[in-house]
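[1] how would this look folded up:
(chains A and B)
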Amino acid sequence: MSTPQPPMPQAAPDRPAAPGPSFPSYASPIPVVRTHLGHAIASEWTKMKSVRSTMWTLGVFVLLVVGIGLLAGAVVAGSPSDLSGENALSLGLFGLLLGSMCIITLGVLTTASEYGTGMVRTTMTACPSRGRVLAAKAVVFFLVAFVVTLVSSSLVAVAHVALLEGNGAEDPTGGEWLKATVGISLYIALLGLLSLAVGSIVRHSAGAITLMIGAVLAPLVIALFMFAQSLAGVRQALLEYSIPNQLSVFYTQSLSESGPSGWDPLWIALGVTAVVFAGACALLEKRDV
Amino acid sequence: MIELEGLTKRYGEKVAVNNLTFAVRPGIITGFLGPNGAGKSTTMRMVLGLDRPTAGDVRIDGKHYDELKDPLKYIGALLDAKAVHGGRSAYHHLLCLAQANGIPAKRVHEVLDVVGLTAVAKKKAKGFSLGMGQRLGIAAALLGDPRILMFDEPVNGLDPEGIHWIRNLMKALAAQGRTVFVSSHLMSEMALTADHLVVIGQGRLLADTSMADFIAQNSRSYVRVRTPQREQLLDVLHEAGITVAGSGSEVLEVEGDKSERIGELAAQHRIVLHELSPQQASLEEAFMRLTAESVEYHAHGGQPAGQQGAQQEWGAEWRRG
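    Down below sits the predicted model:
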């Protein structure tokens, strides 16, 4: 323990002090630091790497993306199928589609699990600027999710191009490479960031994960059952803007000719995430912890 | 120094904390006392900026909590020992809090040593016993070596050794000139540790007094006398100038510690005494009297329903019907 420091002038109380001895205030030898976002980021990084659920979700993610990717590549390469005119990178989609569930889970857990354990009260006591806490969580999570997705998807992309050379697949252009690695990684990381914001709003891990998985799957499932002619337009929109289809746009194999194309899904994800994140920030400021 | 000014918190219709104004001063232990549901924890959460007050203001050394840039160096709090992620080790739990406040990592080892958790620093918090969890919470409170410490029911669930340790720790912290604010619902616990007392009930301030004053006012000592010659004794006492506070058919209560004098008087006048005993009203009774009207969860009667009044055989009412 630290030793008592020389007396410090005590703030004059504005009401008469009740009887009792007057003591000098205690002064700590620990230097005072003006904290900033960097401190909160260091704290959130420690939190993220010190729980096993991070390793689990990211481990399963890499396993799904790389495992399914390589499996799909090997199966197609071993079959006599002709891929002329096709993009060799597009086989990476299946693994990422499943893997995105892990990123959603990790994103939700980053915020919502603190409400489950009560840790959030400790966190907010250590850093009273609630916006800073959410921003630090967002930065740490986004970087982790982006880097892990980029490494996994790049690995799979390189493997696919090498494996499928003999099947007549076209050599991907520079733009196609960029979309299938950096583009899709940014999209997946944004999807995770959206989950993180939803987790902060819902404050319940299981609820938020269900909500996000619903958001990924529901539009496709609903569209499948829209047989009525009058709903054809809605059906088309649901199909085109469903998250699985947006993912496939990065591999230029959309379910339809209209709808999002090129880098559109990224801008859509950016817009939606920004709106939900702003909502999460506003609610966090307003609500009691 | 913690200053509350008309602090109020409403949850819908229910008023949890009602217009609280008091100050917690440095150098002493201030006990924060109230029955369950009185609003102690809500008040402490508002001090830490976790709950937003509906009205009023609370300041730490003159500042709002969210104005503190490195709050753990101003005020350390143990609110809920379970407010940790069970999958994280004690060391990492404290490290992430230290990092958020720019506290050097070596301080984490120091506080782990102070609370005696060094041996289990790398163990996951979910394996901790109640007492170990409480110690981890106290380590977190001490992390920034703060001038103000706030503990919510720190002795809950601790063994006697742990209770003794916390009492001495709080006394040592206050002796260093720090502000120590500790809540409890046990008067007896506060009587042993606190120098000053703030009592609330149903969110309202009931008392803000020094412990010495509270004891002087409330620990009434009196002498209980039982005699078959009640009238005679009353006359004798009256002649001797001793006032009788309360009396039943055979029992007299005399204020103050006058048992010897009463015994001598009775002997002189050959009055038979069946009982002559000095009594002390406990602080717990005084506290219960003070908060009697504001206890939120009353148990009804001392006996289970159906056994009140005359002793009845169990099930008699059923059989009659």
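[2] how about the nearest residue to residue A:42, chain neighbours excluded?
    residue B:99 (4.3 Å; CB to CB, 6 or more residues apart in numbering or on different chains). Where C-beta positions appear, they are placed from N, C-alpha and C, glycine not excepted.
[3] for residue B:93, see how far away the one you found is.
    Distance, residue B:99 to residue B:93, using CB to CB, to the nearest Å: 11 Å.
[4] now swap in residue B:6 and tell me
    36 Å.
[5] more neighbours: those two, which one.
    residue B:93 (27 against 13; other CB atoms under 10 Å in any protein chain shown).
[6] do I have it right that that one meets residue B:125?
    Yes. Under the criterion of CB atoms under 8 Å, residue B:93 makes contact with residue B:125 at 6.1 Å.
[7] what sits in contact with each of these two?
    Here residue B:93 and residue B:125 have B:84, B:85, B:136 as joint contacts, going by CB atoms under 8 Å, 6 or more residues apart in numbering or on different chains.
[8] quick check: which element contains the first one?
    Put plainly, it is residue B:84. For residue B:84, there is no host helix or strand (DSSP states H and E).
[9] you'd agree it is up against residue B:125?
    Yes. Shown here, residue B:84 and residue B:125 form a contact pair, counting by CB under 8 Å, at 4.7 Å.
[10] name the residues contacting each of the two.
    Here residue B:84 and residue B:125 have B:93, B:133, B:136 as joint contacts, going by CB under 8 Å, 6+ apart.
[11] now, which of those lie within helices?
    B:93, B:133, B:136 (DSSP state H).
[12] ok, residue A:196 - contacts?
    If a contact means CB under 8 Å, 6+ apart, then residue A:196 has A:107, A:108, A:110, A:111, A:137, A:138, A:141 as its contacts.
[13] could you find the closest non-adjacent residue to it?
    Spatially, and ignoring its direct neighbours in sequence, residue A:196 is nearest to residue A:107 (4.1 Å; CB to CB, 6+ apart).
[14] how about the residues of the stretch 151-300 of chain B near chain A?
    Applying CB under 8 Å from any CB of the partner chain, we find that the stretch 151-300 of chain B lies next to chain A at B:176, B:177, B:178, B:195, B:196, B:208, B:209, B:210, B:213.
[15] please redo it, this time with the cut-off set to 7 Å
    With the criterion set to CB under 7 Å from any CB of the partner chain, the stretch 151-300 of chain B comes near chain A through B:176, B:177, B:178, B:195, B:196, B:210.
[16] does the first one touch residue A:25 like I think?
    Spelled out, that is residue B:176. No. Residue B:176 is beyond contact range of residue A:25, at 9.9 Å (criterion: CB atoms under 7 Å).
[17] what comes into contact with stretch B:250-258?
    With contact meaning CB atoms under 7 Å, 6 or more residues apart in numbering or on different chains, stretch B:250-258 is reached by B:221-228, B:230, B:233, B:242-247, B:262, B:278.
[18] buried among these? Make that a PyMOL selection.
    Only the buried members of these enter the following PyMOL selection, criterion being 16 or more other CB atoms under 10 Å in any protein chain shown:
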select buried, chain B and resi 222+223+225+227+230+233+242+262
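[19] okay, and which of the contacts of stretch B:250-258 map to strands?
    Among those, the members found in strands (DSSP state E) are B:221, B:222, B:223, B:224, B:225, B:226, B:244, B:245, B:246, B:247, B:278.
[20] that older thread, the residue nearest to residue A:42 touches residue A:45, doesn't it?
    No. Using CB under 7 Å, residue B:99 makes no contact with residue A:45, being 8.3 Å away.
[21] neighbour count: those two, which is higher?
    residue B:99 (25 against 18).
[22] make sure the more buried one is indeed in a helix.
    Yes. Under DSSP: H, G, I helix; E, B strand; the rest coil, residue B:99 sits within a helix.
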